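K.L.:
Next input, structure requested:
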Amino acid sequence: MPKTNLMGYTERDLENLVSALGEKKFKGRQLAKWVYNLQVRDFARMTNLSLNLRQRLEEDYAVEGLRLKDKAVSRDGTIKYLFELEDKRRIETVMIPEGEKRTVCISSQSGCPLKCTFCATAIIKRPRNLTVGEIIGQLMHIRGEFGLDGIQNIVFMGMGEPLLNLENVQAAVEIISSEIGLSLTARHVTVSTAGVVPEIMRLADSGLKVNLAISLNSAVEEKRRRLMPIARKYSLAQLKEAARYFAVRRKRRVTFEYILFAGINDSREDARALAEYVRGIPCKINLLAYNEVASLPYRRPGETVVNEFAEYLYPRTPAVTVRKSRGRDIAAACGQLAGKDSESGNGEGEDKDA
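P.N.:
Here you go, the predicted model:
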């Protein structure tokens, strides 16, 4: 029988596990510290656990990370990791350096069912939710590479829609923010969504002190529906209500992510619509020029267009930032993650998983 992988078990899960094995619950907390905080995978080295417990754990359990399939390093220092999962699906994770700090962009699904028309991830067939272990495994690998303090910020902006996998994302944040887990406060974690309105409300009520980023991309209903099919289910008005609810409930500013597409949503009228839309919402706006995907028809606007768009917004909205694209030369930039490689063709519509 294959051993049960404990990667992704929360502190509560491990307490229940050791209790079922006849041990006191606090041993589960000790086990969690070994697995996540100290990054020890060999039960024999977990010396404050009883010999009997270590032997029983060794018989039926393991602590296994993700299999690294490939790694690419950009000229700007960005690193893209390709991981292969147990079912042979592949996911991509990106580490972005900013001076001495590192931000890790992690995936929450293999593929994405929302099918935004500009995103490479949408091309992958038969998407599925990642397990808690698969989410945490991305971070544990990078932490093993850069050390215990090697990650300063985490963003759920990789492959997939995090709010469609909310329970596993919440469990992952619990491990991330625990003092015996990754010891990174939830205020350094951002969850990005394409606009799943009911789950935004649920996240606001969850008590998690994470930041929220909403991929908006147009404040014009018809244009947003063309770019993002989810907009046909949840209107801009519904999304605005959810964003305001989150900001008030959590006492945190919401970030609106706005990708600029040449000739589509980058006009003065589009900027005016955006400024009007965010009025009354505690927020900031991140602008990003589109990162082109070869198989998709959208194009990147020029730098002048981006700057003029930002200059119009700046006196009319609370805060505006123009984000620089990172890792474009290794297809690690926003919207370019496809989980593909030369063997699988995954991300090019050739997913052969069973």
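K.L.:
all helices for this structure, in order.
P.N.:
Ranges of helices within the chain are 11-20, 26-32, 51-60, 132-146, 166-177, 197-205, 221-227, 236-250, 268-277, 303-313, based on DSSP state H.
K.L.:
how about those helices in TSV, adding distance to residue 69?
P.N.:
Placement of C-beta: from N, CA and C, glycine included. Shown next, in TSV, are the helices of the chain (distance: least, C-beta to C-beta, whole Å):
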stretch	distance to residue 69
helix 11-20	28
helix 26-32	28
helix 51-60	28
helix 132-146	11
helix 166-177	21
helix 197-205	30
helix 221-227	31
helix 236-250	36
helix 268-277	39
helix 303-313	34
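K.L.:
Let me know the pLDDT of the residue lying closest to residue 291 once chain neighbours are set aside.
P.N.:
Closest residue to residue 291 apart from its sequence neighbours, by C-beta to C-beta, 6 or more residues apart in numbering: residue 333 at 4.0 Å. At residue 333, the pLDDT value in this model is 75.
K.L.:
and residue 60, how many residues sit next to it?
P.N.:
11 (other C-beta atoms under 10 Å).
K.L.:
from what I can see it touches residue 5, true?
P.N.:
No - in this structure residue 60 lies outside contact range of residue 5 using C-beta atoms under 8 Å: 11.0 Å.
K.L.:
how about low-confidence regions in the stretch 201-350 of the chain?
P.N.:
340-350 (pLDDT under 70).
K.L.:
can you map out the strands along the stretch 251-354 of the chain?
P.N.:
Secondary structure of the stretch 251-354 of the chain by DSSP state E, counting those that start in this stretch: the strands cover 254-260, 283-289, 320-322.
K.L.:
same thing with the stretch 1-150 of the chain?
P.N.:
4-5, 61-62, 67-73, 79-84, 90-98, 101-105, 109-110, 128-129.
K.L.:
Comparing those, which comes out most buried?
P.N.:
Among the strands of the stretch 1-150 of the chain, strand 109-110 has the highest mean neighbour count (mean count of other C-beta atoms under 10 Å), at a mean of 26.
K.L.:
From the chain's centre, how far out is that strand? Work that out for me.
P.N.:
Distance of strand 109-110 from its chain centroid, counting by C-alpha atoms, centre = their mean, to the nearest Å, is 10 Å.
K.L.:
heads up, I number from 538, so please use that
P.N.:
Yep, numbering from 538; the last one is strand 646-647 now.
K.L.:
Show me what that strand is in contact with.
P.N.:
If you take C-beta atoms under 8 Å, 6 or more residues apart in numbering as the criterion, strand 646-647 is touched by 622, 626-628, 661, 664-667, 696-699, 701-702, 876.
K.L.:
how does it look with 10 Å?
P.N.:
The contact list for strand 646-647, computed with C-beta atoms under 10 Å, 6 or more residues apart in numbering, reads 620, 622, 624, 626-629, 658, 661, 663-667, 671-672, 695-699, 701-702, 705, 876, 883, 888, 890.
K.L.:
List the buried residues in stretch 826-842.
P.N.:
For stretch 826-842, the neighbour count (16 or more other C-beta atoms under 10 Å) marks 826, 827, 828, 829, 830, 835, 837, 838, 842 as buried.
K.L.:
Off-centre distance for it?
P.N.:
With C-alpha atoms, centre = their mean as the basis, stretch 826-842 stands 22 Å off its chain's centre.
K.L.:
Endpoint to endpoint, it covers what distance?
P.N.:
One end of stretch 826-842 to the other measures 9 Å (C-alpha to C-alpha, to the nearest Å).
K.L.:
Next: stretch 574-584.
P.N.:
Rule used - C-alpha to C-alpha; the end-to-end distance of stretch 574-584 is 15 Å.
K.L.:
next one: stretch 855-872
P.N.:
So stretch 855-872: terminal residues 26 Å apart, C-alpha to C-alpha.
K.L.:
list the buried ones in that stretch?
P.N.:
857, 859, 862, 863, 864, 865, 867, 868, 869, 870, 871, 872.
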